[in-house]
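Undergrad: Structure for this input, please:
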Amino acid sequence: MASKKDLNPAGGTILMTPGEMVKTLRELKGWSQLELSEQTGISQANISAIENGRVEIGKQRAIMFAEAFHVHPASIMFADYDVAA
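TA: Residues are numbered from 1 along each chain as shown. I've put the predicted structure just below:
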């Protein structure tokens, strides 16, 4: 087994908007926008607008997406947060 000193740190921060994170998580699940709509109750049109940055995601929708994807809402809302900044 490798020790910590043998491991390389992960790459730099990925700059991603909340909408881009929603799209990435949706694609990782293999879901269409319609399937995500069925999981969240958010209309497909709103999902499209969120993914394309035309509509702000908002706290309540972030929670709905997070529950569907089984992730913490902060991972969607603050996908590009850099703790070192």
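Undergrad: List the buried residues in the helix or strand of the chain with the lowest mean pLDDT.
TA: In the chain, the helix or strand scored least confidently by mean pLDDT, DSSP states H and E is helix 73-77, which has a mean of 91. In terms of neighbour count (16 or more other Cβ atoms under 10 Å), helix 73-77 has its buried residues at Pro73, Ser75, Ile76, Met77. Heads up, the C-betas are built off the backbone N, CA and C, glycines and all.
Undergrad: How about the secondary structure of the most centrally placed residue in the chain?
TA: Here the mean C-alpha position of the chain is nearest to the C-alpha of Met21 (Cα atoms, centre = their mean), at a distance of 3.0 Å. What DSSP: H, G, I helix; E, B strand; the rest coil gives for Met21 is helix.
Undergrad: list the contacts for the nearest residue to it once chain neighbours are set aside?
TA: Nearest residue to Met21, sequence neighbours excluded (Cβ to Cβ, 6 or more residues apart in numbering): Ala79, at 4.1 Å. By Cβ atoms under 8 Å, 6 or more residues apart in numbering, Ala79 lies in contact with Ile14, Met16, Thr17, Pro18, Glu20, Met21.
Undergrad: Isn't the fourth one up against Ala62?
TA: Yes: with contact taken as Cβ atoms under 8 Å, Pro18 and Ala62 are classed as touching, separated by 6.8 Å.
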